[in-house]
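Undergrad: Fold the following and give me the result.
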Amino acid sequence: MHRLLLIVLAFLLIPHEAAALSSQWQRDDIVAVRLVSGVEGTGQKTSIPLGLEVNLAPEWRIYWRSPGEAGIPPTIDWNGTAGDDGNLKNAEILYPIPKRFRDFGLETIGYVNSAVFPIDAEVLTPGKPLNINAVLNMAVCNTTCIPKSFDLQLTIPGGESLTSKESAIIEMSRAYLPEGEKESKLRLIQTKYGENHIQFVIVSSEPLRSPDLFVESLSDVFFSTPVVSLSKNGMMATFQTSLKSKLPTDMSISALPLTITVSDGGGNTLEKYIPPASISPAGLIQNNILFIVLLSMLGGFLLNLMPCVLPVLSLKIISVVKSGGKKPDEVRHSFIATSMGIVFSFIILAIVTASLKEAGYMVGWGLQFQQPLFLIFLIFLISIFALNLLGLFEIKLPLFLTKYIHKKEKMEAAGNFAGDFLSGILATLLSTPCSAPFLGTTVGFALATNTPTIMLVFTALGIGVALPYILVAWHPRLVTLLPKPGPWMVRLRSLMGLALALTAAWLVVIMLSEEGPMYQSKILKTQQERSINWHNFDETEIARYIKEGKTVFVYIEADWCITCKANKKLILEQEEIPGRLFNDPNVIALKADWTKPNPMISTFLQRYGKYGIPFSAVFGPNMPSGVVLPELLTKQSILDTLEQARQ
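TA: Residues are numbered from 1 along each chain as shown. Predicted coordinates for the structure are as follows:
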């Protein structure tokens, strides 16, 4: 009996040809290679998991797919496996996260000791055997480099596709492949181009350990080892890498197609393709800070004209009308107070934004409207102003601030100052969900730089928003152009109070849509019924649509963005536009909702230097990297860009 058991055991341990799921080791004194299969048979699979296993002598190494300034990566010639006899349709070799090496002043990228390269092999006919007859070519280097070539032969029978013993080797190597953006805990939030360098900003959902970044581009373009700086909380890393080779004639660094691979050292990875950047206004004017300041002031001034300023405009009108019978000095003081409130608010906004950016958080224009606590505060504040305009009470300074002011005139002046100052604060808060011409450019430029620039740009924006008040403060007699105070003021005041009350109600709806699941589902259902032809935004699908020859229109909006709603109502749903966007089979319209925080949308916006909405862009065979449209859409700009992208 014991003898029989020994015979059976010996039989099981003898390697059988049918179960041999790896090629023979091909070896010399430096390197040994073999091909392994992850399954025992092809079964009905269309894709067969393979692995190229490489073992190296000490101090020798092989190279990554982009080897750096020297070296040749492992490549496999599959020609002997093609056709019906081999049953191979296509095969792709995948490369795990590599390491950096430096020899004789040159930087190379690759692997030491051992490496396993996963291979996805697609068969022509499922169920038939896969007969591999391939040639492996690579360079193996130490102080010298030696080219190597090996014949790899492996047959995977057409039986059941059970997991093989070698599958563990392949699965382990797949754990070291860089992750795509959907799976990764890392996010690229900014790509900034200089004259001969590029800066990448990566954020993580957990503290970073030892981050590194590899940049790939054209085959003859190389980048230096990035200089890495971590934020204080370790959740954000900034990489700056410089060109180490000359670009082709008349090509700028922003015109390069890039692929970045990020490794955290703790297991978190990211691989991302970055298309050639469209011309960035921030890149063109980054060395002219005076121009940025003037552009910020202009953008701030134009912000007064955006659709979201109706409640703000009500405060302005009431303030001006109340000033009709006042002395010039009183008018001046009133408008100076409002101007101070606006500029003060923008300075506070700059401080908060810069602090959040420094701490590694996502920042952008109007993002506070994604936070329920901010909405609650704003609803309360607007309700107070609405009740004030409706005549229920007057805004005065708290008693502890006015008890030392003994004269009635001084108390009234102090109270009026407080009301005017708060009006300026409210004007700022209600302006932030809107975007205006030049605003996206200047805010994007500021948020892509440093804290002093953020402070300077936001202060200039505040001055721009306050310009109408400053003009009246400078020349108070401008108010004499308005009708004299009279009974009509009471009706106007009530009308403006009602406008503010409606604004508060609108904010309540936004808050419920963000926090109330049942209410939110009703809103989403209604939106889907009205916008049945919109496709859900997925950045990864854009390249596929372009490859199919289609033109893609991307629109990003939010419930709290009135300019977004105005664009949709006045432009996107009028005249020829719906026919081009929704009824043309060669045009795909993608819509993204940024009402609530969404890292995918934030990353997409910041890749184009934008930190606010509305955002519109057109992609197509003639514009694969996309063209960003103005914040305020026009029918002609959309039609012209769609036509240019299609050609």
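
Undergrad: Tell me, please, where in the stretch 101-250 of the chain the pLDDT is lower than the cut-off.
TA: Low-confidence segments of the stretch 101-250 of the chain, defined by pLDDT under 70, are located at 248-250.

Undergrad: Then the stretch 351-500 of the chain?
TA: In the stretch 351-500 of the chain the weaker segments, taking pLDDT under 70 as the threshold, are 359-371, 389, 391-417, 430, 432-441, 444, 448, 478-490, 492.

Undergrad: Helices of that one, residue ranges please.
TA: In the stretch 351-500 of the chain, the helices defined using DSSP state H, counting those that start in this stretch lie at 372-389, 399-402, 408-431, 439-447, 451-474, 488-515.

Undergrad: Ok, the stretch 101-250 of the chain next?
TA: So, for the stretch 101-250 of the chain - with DSSP H, counting those that start in this stretch - the helices run 167-174.

Undergrad: need the strands for it, in chain order.
TA: Per DSSP state E, counting those that start in this stretch, the stretch 101-250 of the chain has strands spanning 106-112, 114-123, 130-141, 145-156, 186-193, 197-204, 212-216, 227-230, 236-242. These are given in chain order.

Undergrad: among the ones you listed, which is nearest L429?
TA: strand 186-193 (25.2 Å; C-beta to C-beta). C-beta: built from backbone N, CA, C; applies to glycine.

Undergrad: just the angle between that closest one and strand 236-242, please?
TA: Here strand 186-193 runs at 40 degrees with respect to strand 236-242, directions being taken by axes from the mean of the first three to the mean of the last three C-alpha atoms, to 10 degrees.

Undergrad: Tell me the helices and strands packed up against strand 186-193.
TA: Applying 3 or more C-beta pairs under 8 Å, 6 or more residues apart in numbering; DSSP states H and E, one finds that strand 186-193 makes contact with strand 197-204, strand 258-263, strand 269-274, helix 281-285, helix 599-607.

Undergrad: what are the pairing partners of that strand, and which direction each?
TA: Strand 186-193 has these partner strands in its sheet, going by DSSP bridges: strand 197-204 (antiparallel).

Undergrad: What pLDDT does the model give A617?
TA: In the predicted model, A617 carries a pLDDT score of 90.

Undergrad: do you know how far it is from P630?
TA: 11 Å (C-beta to C-beta, to the nearest Å).

Undergrad: These two - which one has more neighbours?
TA: Here A617 and P630 are set side by side on neighbour count (other C-beta atoms under 10 Å), and the busier one is A617, at 24 against 15.

Undergrad: quick check, distance from the helix or strand hosting the more buried one to the centre of its chain.
TA: A617 belongs to strand 615-620 when assigned by DSSP states H and E. Computed by C-alpha atoms, centre = their mean, to the nearest Å, the chain-centroid distance of strand 615-620 equals 15 Å.

Undergrad: now do stretch 567-579
TA: Its chain's C-alpha centre and that of stretch 567-579 lie 27 Å apart, by C-alpha atoms, centre = their mean.

Undergrad: In that stretch, which residues are buried?
TA: Along stretch 567-579, the positions that meet the burial threshold by neighbour count (16 or more other C-beta atoms under 10 Å) are 567-568, 571-572, 577.

Undergrad: care to break the chain down by domain?
TA: Under the assignment named as automatic domain parsing, the residue ranges that make up the domains of the chain are 2-174, 186-277, 284-515, 531-646.

Undergrad: Which one of the ones you listed lies nearest to G180?
TA: Across these, closest to G180 is domain 186-277 (C-beta to C-beta), at 6.4 Å.

Undergrad: thinking again about what came up before, for the strands of the stretch 101-250 of the chain, give me TSV that also has mean neighbour count and distance to E171.
TA: Formatted as TSV, the entries for these read as follows, by neighbours: other C-beta atoms under 10 Å; distance: least, C-beta to C-beta, whole Å:
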stretch	mean neighbour count	distance to E171
strand 106-112	19	18
strand 114-123	20	9
strand 130-141	20	19
strand 145-156	17	17
strand 186-193	21	22
strand 197-204	21	25
strand 212-216	21	24
strand 227-230	14	31
strand 236-242	20	29
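
Undergrad: Make JSON lines out of the ones you listed and add distance to M455.
TA: Written out in JSON lines, the entries for those read as follows (distance: least, C-beta to C-beta, whole Å):
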{"stretch": "strand 106-112", "distance to M455": "38"}
{"stretch": "strand 114-123", "distance to M455": "49"}
{"stretch": "strand 130-141", "distance to M455": "51"}
{"stretch": "strand 145-156", "distance to M455": "53"}
{"stretch": "strand 186-193", "distance to M455": "19"}
{"stretch": "strand 197-204", "distance to M455": "19"}
{"stretch": "strand 212-216", "distance to M455": "29"}
{"stretch": "strand 227-230", "distance to M455": "20"}
{"stretch": "strand 236-242", "distance to M455": "19"}
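
Undergrad: quick one, which of the ones you listed is nearest to A57?
TA: Proximity to A57 (C-beta to C-beta) singles out strand 130-141 among the strands of the stretch 101-250 of the chain, at 8.7 Å.

Undergrad: Figure out which of the strands of the stretch 101-250 of the chain is closest to V443.
TA: With C-beta to C-beta as the yardstick, what comes closest out of the strands of the stretch 101-250 of the chain is strand 186-193 (13.2 Å).

Undergrad: all strands for the stretch 501-647 of the chain, in order.
TA: Listed in chain order, the strands of the stretch 501-647 of the chain (DSSP E, counting those that start in this stretch) span 535-536, 551-557, 587-593, 615-620, 623-628.
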